[in-house]
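J.: Requesting a structural model of the entry that follows:
(one chain, ligands or ions: 2)
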Amino acid sequence: MLRASTTRHVSRSASRPIQRVTSRLLAAQAIRPSTRAAFLTTNHVRYASQLAHHKIPAIKNEQVKDFSANDQKDWDLLRASISKFTDETLNVPLVINGQKIYRSETKSQINPAKHSQNLANVSQASREDIQAAIQAAKSAKAKWASTPWTDRAAIFLKAADLISTKYRYDMLAATMLGQGKNVYQAEIDAVAELIDFFKFNAKYAEELYASQPIETAPGVWNRAEYRPLEGFVYAVTPFNFTAIAANLVGAPALMGNTVVWKPSATAALSNYLLLTILEEAGLPAGVINFIPGDPVEVTELVVNDEEFSALHFTGSTDVFKSLYAKISNNVAADKYRDFPRIVGETGGKNFHLVHSSASLDHAVLSSLRGAFEYQGQKCSATSRLYVAESVWPEFKEKFTAHISQIQIGNTVAPESLNAFMGPVIHEQSFDKLASALEQAKSDPELTIVSGGSHDKTNGFYIQPTLIQTTNPKHEYLTKEFFGPILTTYVYPDAEYENVVESIDKATKYGLTGSVFARDRDAIRTAEEKLRYAAGNFYINDKSTGAVVGQQWFGGARASGTNDKAGSGNILSRFVSVRNIKENFYELTDFKYPSNYH
Ligand SMILES: NC(=O)c1ccc[n+]([C@@H]2O[C@H](COP(=O)([O-])OP(=O)(O)OC[C@H]3O[C@@H](n4cnc5c(N)ncnc54)[C@H](O)[C@@H]3O)[C@@H](O)[C@H]2O)c1
Ligand SMILES: N[C@@H](CCC=O)C(=O)O
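T.: Numbers count the residues shown, from 1 in each chain. Ligands and ions are numbered 1, 2, ... in the order given. Purely as a prediction, here's the structure:
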């Protein structure tokens, strides 16, 4: 266990012999008393020594394992991990100041693919627990903030390594079971993207710390110091990506902040596993405090604390707006010492625009993946599709032929481990989606081209559905469903520019979007006119699947603060820069040359 205190923080008793030696040395050298006092003081200071300018090891994106039919060893290891989580119901505790706390008040985390199966009893934080978590974050702060960044980075790099090796199959199993993913979706999330976040953030931290003022006058040394924020950070994390939860807590912690973490109730199992891996990698007690509980109550107590200094949120737009409003009201009421940083990535209504010149097979397959992988439960999922009239008949024929081949099932059951789609996350989401499908059947402006059925007998299953609308402003083209429902509008070829404009104006969101075309003018028009319609704009690629370090992720408008997860920018939101100017030049006169005329 790499405890931050072992080598760098000299305890009072340990420092005494050093102090005696130093006193004798100073007396012998007859150093002036004031200088001597200063020298002695430094020996008492708990400071972080960093005796070299370190660079982290070379990094590259984590390789996604195929889990093809030939990879029997991987499948066997995965099955063994699935059994670990299904043979008994696990108890997930709160973790406050490194202590695991089990409460009698628990909430079940069920398997959405088989809702009779209770995976975990998740302890729920009481008001006292929430206060204790806030206090733990405050108490751990000074030591963690003065821990050299290389030690902080080493902990996250080691956790990445543990996930790539020892815990790979456990992370997959916990995410597949609890969040309803198939193995490929779990690999790209709970393994690859998560590891990438930890590794690339370490690299970005190295670059940020190295970034210093570029101009210095003679006799002066200007330095920038990247202080962690003065209070603590509140991370509120979504169900749909274990990796996103990891980044929401990991990015601020890496920069020396301590964190109060409210996980999603439907991702508690994988999120708790992640925390235990971080602990094994050496994360000191109190740096990340894990408190599943009632989101409104937890938030109320956390954001009312004077030392609350940042919100790191991913989830729906409405929840983010309500948190933003609470924090703003508190700022107006003078509740805080600082202006809290607010970082939030939220909803989307992401588009595919198919021009008549597009490679149709590619556009069809990309739309199927974009709309239906992980049951459309990605913020980046394709949920509105605009297709040129001249190619629509062929597009439709190909799309419906493929959609009927999509296998849906319990992606953790032996007979359907290879299914392309699993369940949606919970009953509330299922009911919302099922009701949207029923409503579509009686709406004169909507036609169900394919799909439309739903079944929650055993798990929360929604059939992948393509709906066509005759109204380019229809609600189904503007509202986020967060499920496998794709709405299409077929536009006259000559109206391409108008449809581009309507894509821009139709929704309040601005997350992801794609144009499919071979015609360069069509691509240029879309790129220009859709500048603010998507923070991630794809040309001839699907709207999902951004990779850390390659496609910096996030959108503006109602999709969030666009601080770009997977880039170095996000780290700058969790530091407060101090500029230090050291002057080597001593004044000899107070007058300016112009005063001597
Ligand atoms: N833009 C992105 O990067 C991104 C990534 C993933 C998901 N998302 C968005 O997240 C949403 C789906 O995730 P979700 O269902 O977990 O979102 P959600 O908004 O329901 O929940 C997110 C988190 O907020 C908490 N929460 C819910 N209500 C709250 C309240 N009143 N006060 C305080 N906290 C509250 C939840 O417990 C959870 O931890 C979609 O809208 C999706 O687009 C966005
Ligand atoms: N990196 C993912 C983020 C998904 C969010 O829910 C993507 O780009 O699809």
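J.: Contacts only, for Phe241.
T.: Shown in contact with Phe241 (C-beta atoms under 8 Å, 6 or more residues apart in numbering): Asp189, Glu193, Thr314, Lys378. To be clear about C-beta, it is placed using only N, CA and C from the backbone, and glycine gets the same treatment.
J.: What is the neighbour count of the first one?
T.: Translated: Asp189. 25 (other C-beta atoms under 10 Å).
J.: Give me the secondary structure label for it.
T.: helix (DSSP: H, G, I helix; E, B strand; the rest coil).
J.: that older thread, out of the contacts of Phe241, flag the one nearest to ligand 1.
T.: Thr314 (4.7 Å; C-beta to the nearest ligand atom).
J.: in stretch 86-103, what's buried?
T.: For stretch 86-103, the neighbour count (16 or more other C-beta atoms under 10 Å) marks Thr86, Leu90, Val92, Pro93, Leu94, Val95, Ile96, Asn97, Lys100, Ile101, Arg103 as buried.
J.: The closest residue to the fifth one other than its chain neighbours and Ala133, how far apart?
T.: With C-beta to C-beta, 6 or more residues apart in numbering as the criterion, Leu94 has its nearest non-adjacent residue at 4.5 Å, and that residue is Ile101. Separation of Ile101 from Ala133 (C-beta to C-beta, to the nearest Å): 10 Å.
J.: Find the residues that touch each one of these two.
T.: Leu94.
J.: The buried residues of stretch 86-103: which two are farthest apart?
T.: Thr86 and Asn97 (31.3 Å; C-beta to C-beta).
J.: and ligand 1, which of the contacts of Phe241 contact it?
T.: By C-beta under 6 Å from any ligand atom, the members of these lying near ligand 1 are Thr314.
J.: Need the contacts of Phe241 in JSON lines (columns: distance to His355 and pLDDT).
T.: As requested, the contacts of Phe241 are arranged in JSON lines below (distance: C-beta to C-beta, whole Å; pLDDT from 0 to 100):
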{"residue": "Asp189", "distance to His355": "31", "pLDDT": "98"}
{"residue": "Glu193", "distance to His355": "31", "pLDDT": "98"}
{"residue": "Thr314", "distance to His355": "32", "pLDDT": "98"}
{"residue": "Lys378", "distance to His355": "24", "pLDDT": "98"}
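J.: Next, format the contacts of Phe241 as TSV and append distance to Asn595 and secondary structure.
T.: Shown next, in TSV, are those (distance: C-beta to C-beta, whole Å; DSSP: H, G, I helix; E, B strand; the rest coil):
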residue	distance to Asn595	secondary structure
Asp189	68	helix
Glu193	64	helix
Thr314	60	strand
Lys378	68	coil
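J.: So among the contacts of Phe241, which ones count as buried?
T.: Asp189, Glu193, Thr314, Lys378.
J.: To what extent is the nearest residue to the second one once chain neighbours are set aside buried, counted in neighbours?
T.: In space, Glu193 comes closest to Ala243 once its chain neighbours are excluded; the distance is 3.7 Å by C-beta to C-beta, 6+ apart. By the criterion of other C-beta under 10 Å, Ala243 has 27 neighbours.
J.: Kindly state the pLDDT recorded for Ala243?
T.: We have a pLDDT of 99 for Ala243.
J.: Against which helices or strands is whichever strand or helix holds it packed?
T.: Under the criterion DSSP states H and E, the helix or strand holding Ala243 is helix 242-254. Here helix 242-254 touches helix 149-164, helix 168-179, helix 194-210, strand 232-236, strand 259-262, helix 268-280, strand 308-314, helix 569-572, going by 3 or more C-beta pairs under 8 Å, 6 or more residues apart in numbering; DSSP states H and E.
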